[in-house]
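Peer 1: could you look at this predicted model? Sequence included:
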Number of protein chains: 2
Amino acid sequence: MPPPGVIAFNSGYLHSSLQPEQVLGAAVARAARRPGTWERPPLEGLTPLRAWFAREAGGGLTPAHVLITSGGQAALTTVLRALTPPGSPVLVESPTYPGALSVARAAGLRPVPVPMDDDGVRLDLLEDAFTATGARVVVHISSLTKPTSPTLRVGALIAQGPVMERLRAIQVVDNFFVPRLLQEAALDLLGAPAWPRHLRTLAASLRDRRDAMLAALQRDLPHLASAVRAPAGGYYLWLRLPGGTDETALVGACLRSGVAISPGRPYFASEAMAPHIRLSYSDIAGTDEITDGIRRIAAACAETGVRDGA
Amino acid sequence: MPPPGVIAFNSGYLHSSLQPEQVLGAAVARAARRPGTWERPPLEGLTPLRAWFAREAGGGLTPAHVLITSGGQAALTTVLRALTPPGSPVLVESPTYPGALSVARAAGLRPVPVPMDDDGVRLDLLEDAFTATGARVVVHISSLTKPTSPTLRVGALIAQGPVMERLRAIQVVDNFFVPRLLQEAALDLLGAPAWPRHLRTLAASLRDRRDAMLAALQRDLPHLASAVRAPAGGYYLWLRLPGGTDETALVGACLRSGVAISPGRPYFASEAMAPHIRLSYSDIAGTDEITDGIRRIAAACAETGVRDGA
């Protein structure tokens, strides 16, 4: 978390004004009064919540294919511990979530990057990577934390057959159940008429913030902005910097100007890469703050010798 | 969790009738309405909650010595990852929590048992173990889960100096904050006049259940009962079995008779040991169920050839 007053282009969460606080509060209050809320839940999670994740994933999946987890990071840890002996290759999106890389490295695994384009992982290169590394499993991870609040650490692991058996076994060893109160509140929230309304409002607000950031980049850093891909959804965009840029120096100069940004390096597994910064627009109060923040970044670029030109 | 109808002498939690459900519900409802509850908390935890754990620990500790964790298991994982390179010895109570042993082994560590007596770890043997292994750190772990509900997964790590710096660093990498709603609810609960009342009622109820279990053992398994130590506090007692007893066979026979018990083996690190079973009295509706359960265990002992005699 950046200090108060700093523009948080480095946050992966939603600004409080974008969180469904009232719906969440009501869901928690109802869940707290429900009989059984203070009991242990089944280790796999509440069946109706598993059913919801199965329906969302589609493809004829059932609750039996779903394990409820404490958000995405816990799901990753369970998967990597359950399925991969030390030294194994793990295919990761590139760029990817640094938490995935640190969990993988802590488990003694070898992250192998698979490049992405505008539509996600490049399927042609994914096949090559499977063949080259002998990797065999793809497991789907889903989380409610991102579209709601950091308090709702509820996610799901979706898998089939023997893979699911091993995930369940390690979940039992870890005794890693998710507090039932949070599961009951999630279930209440997902069934509320306000939930689809929240998702629509959120998507519109994120689009406004993305467009404001793109417009500000085009005005203040037009050459660098020309290479930015406009994500259709999502919380952030990537800015590719000229070869030889010192990411750390730029990040420091931005912070001194009151803007927190993420250097690109931790998001890449191991491959040679151009310098990048990641600019998130999800944890920002409004579009004026975004315009202001990009102006400060442009000044920090000038100060540290990052040229906006060929 | 045992199937419904089975007497749960193997549970480490409180029976729902012993949980402070109403106080918890009120605490959560108040916390859900508090401004900021849906925000990320500071990574180290809420300062007033850290202050509470520091006061409880005594010895002039301050909030700076405390990190809030998601209960005891998460605290253990953080400690073992932060402080101990693979292959290091870790001193463990013997018997100890099997979760501690599995976390230690998963981290590539070497658990070294330190025997206990009625007052806890034997300090004379603890000093020997420190000298023999070169172990250097003792970190204090505290949890609210046990005296409240499995939903309140809130605990604390207490440490000083460079050890605290390393714990904090790994906590930041893991981004392992505890949902703020649960921290706010814990803080509300600990400040409520009902909290000390709950602790007094709970202690009295646990003493009743312990005494009922001891009385039933003295009636139905008098010889084995004579070696049982009556714990002053706690949730369970250990029953030492005659040499050569097959723990697994006895556990199976008890389960077929409707009583779930814990075999001793997983609680011991590595040392030679007599067979044991662990009998918990915390997750039981009342004393009649305890008397009934011990009668069934005595029958299962007879059935599997476990003799109650010299």
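Peer 2: It's in.

Peer 1: and stretch A:54-72, how far apart are its ends?
Peer 2: One end of stretch A:54-72 sits 16 Å from the other (C-alpha to C-alpha, to the nearest Å).

Peer 1: got the contact list for it?
Peer 2: With contact meaning C-beta atoms under 8 Å, 6 or more residues apart in numbering or on different chains, stretch A:54-72 is reached by A:41, A:44-47, A:49-51, A:53, A:75, A:78, A:97, A:99, A:140-143, A:145, A:153-160, A:164, A:167-168, A:171, A:176-178, A:183, B:70. To be clear about C-beta, it is placed using only N, CA and C from the backbone, and glycine gets the same treatment.

Peer 1: ok, then the element right after the longest helix along chain A?
Peer 2: The helix that spans the most residues within chain A, counting by DSSP state H, is helix A:194-220. For helix A:194-220, the following helix or strand on the C-terminal side (DSSP states H and E) is helix A:222-225.

Peer 1: elements contacting that next one?
Peer 2: helix A:194-220, strand A:236-240 (3 or more C-beta pairs under 8 Å, 6 or more residues apart in numbering or on different chains; DSSP states H and E).

Peer 1: going through the contacts of stretch A:54-72, which ones are buried?
Peer 2: Buried residues within those, counting neighbours by 16 or more other C-beta atoms under 10 Å in any protein chain shown: A:41, A:44-46, A:49-51, A:53, A:75, A:78, A:97, A:99, A:140-143, A:145, A:153-159, A:164, A:167-168, A:171, A:176-178, A:183, B:70.

Peer 1: what about these, which are in strands?
Peer 2: A:140-143, A:155-158 (DSSP state E).

Peer 1: for the closest residue to A:Tyr281 other than its chain neighbours, give me its contacts.
Peer 2: Ranked by C-beta to C-beta, 6 or more residues apart in numbering or on different chains and with sequence neighbours excluded, the top spatial neighbour of A:Tyr281 is A:Arg209, at 4.0 Å. By C-beta under 8 Å, 6+ apart, the residues touching A:Arg209 are A:281-282, A:284, A:287, A:290.

Peer 1: dump the helices and strands packed on helix A:222-225 to TSV, plus mean pLDDT.
Peer 2: Shown next, in TSV, are the helices and strands packed on helix A:222-225 (pLDDT from 0 to 100):
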stretch	mean pLDDT
helix A:194-220	93
strand A:236-240	90
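
Peer 1: how many neighbours does A:Gly244 have?
Peer 2: By the criterion of other C-beta atoms under 10 Å in any protein chain shown, A:Gly244 has 9 neighbours.

Peer 1: next, it: secondary structure please.
Peer 2: Following DSSP: H, G, I helix; E, B strand; the rest coil, the label given to A:Gly244 is coil.

Peer 1: for the one 4 residues further on, same thing?
Peer 2: Following three-state DSSP, we place A:Thr248 in the helix state.

Peer 1: where in the stretch 51-200 of chain A is pLDDT low?
Peer 2: Low-confidence segments of the stretch 51-200 of chain A (pLDDT under 70): A:73, A:81, A:106-107, A:116-123, A:126, A:130, A:134-137, A:171-176.

Peer 1: neighbours of A:Arg55, how many?
Peer 2: Neighbours around A:Arg55, by other C-beta under 10 Å: 12.

Peer 1: shouldn't it be within a strand?
Peer 2: No - applying three-state DSSP, one finds A:Arg55 to be helix, outside a strand.

Peer 1: what separates it from A:Val103, distance-wise?
Peer 2: As judged by C-beta to C-beta, to the nearest Å, A:Arg55 and A:Val103 stand 28 Å apart.

Peer 1: still on that earlier bit, will you turn the ones in strands among the buried ones among the contacts of stretch A:54-72 into CSV that also has distance to chain B?
Peer 2: What follows is those, written out as CSV (distance: C-beta to the nearest C-beta, whole Å):
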residue, distance to chain B
A:His140, 22
A:Ile141, 16
A:Ser142, 18
A:Ser143, 13
A:Gly155, 13
A:Ala156, 17
A:Leu157, 18
A:Ile158, 23
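
Peer 1: on that earlier part again, out of the helices and strands packed on helix A:222-225, nearest to B:Gln218?
Peer 2: helix A:194-220 (57.5 Å; C-beta to C-beta).

Peer 1: check which helix or strand covers A:Arg278.
Peer 2: Per DSSP H and E, A:Arg278 falls inside strand A:276-280.

Peer 1: for that strand, output the C-alpha coordinates as CSV.
Peer 2: Extracted in CSV, the C-alpha atoms of strand A:276-280 (Å, rounded to 0.1, in the frame of the first residue of the first chain):
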residue,chain,number,x,y,z
HIS,A,276,8.2,-2.2,-18.7
ILE,A,277,6.0,-0.5,-16.0
ARG,A,278,2.5,-1.6,-15.1
LEU,A,279,-0.1,1.1,-14.5
SER,A,280,-3.2,0.0,-12.7
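
Peer 1: that strand: how far from the chain's middle?
Peer 2: How far strand A:276-280 lies from its chain's middle: 14 Å, per C-alpha atoms, centre = their mean, to the nearest Å.
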